[in-house]
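1. Any chance you could fold what I've pasted below:
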Amino acid sequence: MTVTIEQIEAQVRSYNPGADLTGLDAAYEFALKAHEGQERLTGEPFVSHPLEVGLILAELNLDTATLQAALLHDVVEDSGVRLIRVKEQFGPEVASLVDGVTKLGRIKFDTVAEQQSENFRKMLIAMAKDIRVILIKLADRLHNMRTLAALPEEKQRSKAIETMEIYAPLANRLGISQIKWELEDLAFYYLEPAKFHQVERMVAESRRAREAYLKEVIDTLSSELEAIGITAEISGRPKHLYSIYQKMSYRGKEFSEIYDLIALRIVVDSVKDCYGALGTIHSIWKPVPGRFKDYVAMPKFNMYQSLHTTVIGPAGRPLELQIRTEDMHRTAEYGIAAHWRYKAGGRSDETFDERLSWLRQMLEWQTELKDPREFMEALKIDLFEDEVFVFTPKGDVISLRRGSTPLDFAYMIHTEVGNHCVGAKVNGAIVPLTYELQMGDRVDVLTSKSASPSRDWLGVVRTSSARSKIRAHFAKVSRVDDKQKGKDELLKIMRKHGMGLSSQPSVKALEAVAAELNFKATDDLLAHVGAGKESAQKIVTKLLKHMEGEGGKPPAKTEAPEEGLPPTVPMTPPRRRRRSPTGVAVKGIDDVLVRLARCCNPVPGDEIVGFVTRGRGVSVHRRDCPNAADLLKSPERILEVDWEQSPDSVYLVEIHVEALDRTGLLKDISVVLAEAGVNILSANVTTDRSGIANLRFLFELGNMDQLNKVLASVKAVGGVFDARRQMPHGSGGKPR
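-> Next comes the predicted model:
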């Protein structure tokens with residue numbers, strides 16, 4: 001029988017007698033006109049579908065705006081009505097809900113998986129804006145499942161799979177048990193029709209015996225609770241068919257072994273009465289060890305609260321009981337929907353947003369998963385998860401999916417805590433990162449600033465959010481490497497043309513080529529070249545063309561080697577430098593050969609002293625050079641010298657670097673030196689047994705100010721403890 005608008009209005013009056021139903025009538029008339037002449041595959045008028053959806057939501061006691069949106073949810077997609085018309089007639093709130101529910105049917109996708117993924121991405125975003133969007137979507141799916149017989153068999157199966165994998169778990173996540181159970185049973189019917197009818201028949205055959213047993217239990221319990229002054233409403237809730245099938249299939253039980261086909265539900269007036277009733281039950285029947293769960297003190301992720309216990313009832317049969325208050329019962333049945341009941345002052349729960357933290361977490365990681373299949377798999381895992389509650393060192397409760405590890409906990413606290421995690425303590429004891437967290441564990445994460453994620457962690461974590469954060473870290477690291485590699489490849493080819501990448505014409509040309517190829521920045525272009533997605537030769541050809549267009553072919557000269565690593569890093573003693581002005585003047589003497597001593601390599605700013613050598617002119621030392629101390633013993637050979645800076649002066653400097661040994665350390669420091677514009681002449685690396693690397697670099701530079709900047713840059717490299725100018729060696733021989 002087709003639902004009427006009068007039925008919906010009667011349902012609304014049952015929970016909100018003073019409701020203004022004018023808006024509902026207007027929405028119905030609008031939908032009736034918009035869908036005029038349209039029919040469903042069942043042969044019914046199309047408007048019957050939004051009416052059915054509206055009644056399902058009215059049975060969840062939802063507000064008028066949601067019911068109006070339910071009646072209008074297909075007018076934009078299936079009737080060509082513009083959303084602006086809905087907004088003008090029914091307001092922005094209703095229009096926003098309608099827009100959130102509207103499918104992406106008009107957008108073309110390459111694959112079915114991509115289309116499904118994008119639909120659910122949109123659904124998550126819409127849910128974050130207003131959770132009522134998904135309530136309408138669930139009611140829409142429920143009615144479609146009720147009428148699924150009108151579709152071809154292939155579509156029946158695909159819709160049933162989607163319902164079982166996504167919509168039923170989502171209803172469970174939102175705590176709407178009555179919709180979850182019906183969706184599961186309907187999907188079960190279409191996916192396993194023979195097994196469905198088998199379970200249905202077995203339940204029907206045992207019905208009379210169950211009802212007699214149930215009456216005996218209720219009578220006994222009612223009298224005991226009444227005797228201690230607890231008012232309770234006791235009823236039996238039959239298990240839905242899919243739940244029974246799961247126990248038979250996955251737990252290997254025979255039908256005769258499933259004693260909890262009916263769970264006894266006890267609704268009392270207060271939380272105090274919940275625990276009072278529990279004590280009474282345990283005094284009548286012996287509790288089964290390990291089967292008590294307190295979801296009152298520790299609610300489930302979907303806001304569900306209840307005391308669960310299993311006892312050995314009459315005739316020695318296990319009996320499952322659930323004890324809750326009226327408010328808990330309403331939340332257990334309606335879940336999120338319970339927060340839109342007609343009440344003065346709006347929503348009834350001040351902690352409503354906090355209870356939707358799982359949705360915000362899903363929204364965070366879903367934006368990072370670009371592959372449709374990967375996104376759908378992660379979504380299914382997170383929707384099906386069972387919870388485990390653990391504690392921070394301060395006593396805060398953290399909810400994680402069952403099977404989570406300390407790494408999942410670390411990433412739940414903060415991304416940086418996860419990225420720098422090196423270990424964990426659980427209940428005061430060190431545990432491996434693969435440890436599976438248990439209910440009530442107290443977790444303390446151990447971190448180190450120098451630590452970083454390992455790719456092996458992807459096989460350790462269990463939550464999608466942690467996995468996406470680890471992948472994001474490696475994507476960032478990979479981009480930095482790709483950028484440097486791309487820069488090196490371009491520079492190698494540009495040098496063949498006598499040019500580099502740091503001159504103004506080169507920089508301008510690179511920016512122009514990046515814009516021409518639709519890259520937002522030159523870094524994006526370099527990363528693409530480094531990743532092999534763009535040809536380095538092709539980019540260089542374009543660069544040269546742009547440079548010629550700016551004013552002729554650039555002069556064939558090689559720029560300073562500041563773009564990357566030198567072709568080789570010799571480990572032998574430094575070669576003889578080319579002759580160049582020393583920048584040192586000898587007081588009172590012109591036209592004399594002056595050289596800077598290699599034992600201390602003085603640079604502008606150092607206090608220096610000149611010493612007359614045999615046949616080699618004046619040797620200039622730093623005053624704190626050990627060799628200079630010996631030379632000062634012969635004052636007749638000492639000359640007064642001073643710095644006379646020249647733009648063309650080039651000096652030799654040796655620095656000493658201490659760092660934690662790791663792969664790529666030499667490369668990273670060499671890159672920093674090259675980018676600072678110094679010319680590396682030699683490098684030497686030794687590593688001791690404790691894993692400390694000692695590196696010495698000899699290079700050319702212009703002045704002391706530049707040296708300070710170089711040392712600061714080297715100290716900023718990951719793992720470097722110290723970087724300093726190498727002090728003079730005391731063992732050096734006297735110059736002649």
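
2. need the strands for the stretch 201-350 of the chain, in chain order.
-> Ranges of strands within the stretch 201-350 of the chain are 232-238, 262-268, 286-287, 293-294, 307-312, 318-325, based on DSSP state E, counting those that start in this stretch.

3. Leaving aside the residues adjacent along the chain, what's closest to V720?
-> Using CB to CB, 6 or more residues apart in numbering and skipping the chain neighbours, the partner closest in space to V720 is A659 (4.4 Å). Where C-beta positions appear, they are placed from N, C-alpha and C, glycine not excepted.

4. tell me the contacts of that neighbour?
-> In this structure, A659 makes contact with 665, 669, 692-693, 695, 717, 719-721, judged by CB atoms under 8 Å, 6 or more residues apart in numbering.

5. Quick check: beta-bridge partners of A723?
-> V657 (DSSP bridges).

6. A512: neighbour count?
-> Other residues lying near A512 total 18 when counted by other CB atoms under 10 Å.

7. For it, pull up the helix or strand it's in.
-> When secondary structure is defined by DSSP states H and E, A512 falls within helix 504-516.

8. can you check A629 too?
-> Assigned by DSSP H and E, A629 belongs to helix 626-631.

9. And that helix, how far out from the chain middle?
-> 62 Å (CA atoms, centre = their mean, to the nearest Å).

10. Also stretch 486-504?
-> For stretch 486-504, the gap between its own C-alpha mean and the chain's C-alpha mean amounts to 38 Å (CA atoms, centre = their mean).

11. got a markdown table for the strands of the stretch 201-350 of the chain, with mean pLDDT, distance to P505 and mean neighbour count too?
-> Conversion of the strands of the stretch 201-350 of the chain to a markdown table gives the following (pLDDT from 0 to 100; distance: least, CB to CB, whole Å; neighbours: other CB atoms under 10 Å):
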| stretch | mean pLDDT | distance to P505 | mean neighbour count |
| --- | --- | --- | --- |
| strand 232-238 | 81 | 79 | 15 |
| strand 262-268 | 84 | 79 | 21 |
| strand 286-287 | 90 | 84 | 13 |
| strand 293-294 | 86 | 73 | 15 |
| strand 307-312 | 89 | 75 | 19 |
| strand 318-325 | 89 | 76 | 21 |
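
12. To I539, which of those strands lies closest?
-> Shortest distance between I539 and the strands of the stretch 201-350 of the chain, using CB to CB, is found for strand 293-294: 62.9 Å.

13. Might you list the low-confidence residue ranges for the stretch 251-400 of the chain?
-> 251-262, 301-302, 335-387 (pLDDT under 70).

14. returning to what we had before: quick one: which of the strands of the stretch 201-350 of the chain is nearest S619?
-> Evaluated over the strands of the stretch 201-350 of the chain, closeness to S619 peaks at strand 293-294, with 85.8 Å, by CB to CB.

15. what packs against the closest one?
-> Where contact means 3 or more CB pairs under 8 Å, 6 or more residues apart in numbering; DSSP states H and E, strand 293-294 is packed against strand 307-312.

16. helices or strands up against the strand it packs on?
-> Secondary structure elements in contact with strand 307-312, counted by 3+ CB pairs under 8 Å, 6+ apart, are helix 271-284, strand 286-287, strand 293-294, strand 318-325.

17. Parallel or antiparallel, list what pairs with it.
-> For strand 307-312, the paired strands and their directions (DSSP bridges) are strand 286-287 (antiparallel), strand 293-294 (antiparallel), strand 318-325 (antiparallel).

18. list the buried ones in the helix holding A629?
-> Within helix 626-631, the residues scored as buried using 16 or more other CB atoms under 10 Å are 626-628, 631.

19. on contacts alone, who are the packing partners of it?
-> When contacts are defined as 3+ CB pairs under 8 Å, 6+ apart, helix 626-631 sits against strand 608-612, strand 618-622.

20. and the first one, what does it pack onto?
-> Going back to what we said before, that points to strand 608-612. The contact analysis (3+ CB pairs under 8 Å, 6+ apart) places strand 608-612 against strand 584-586, strand 618-622, helix 626-631, strand 638-639, strand 641-643.

21. Good, wrapping up.
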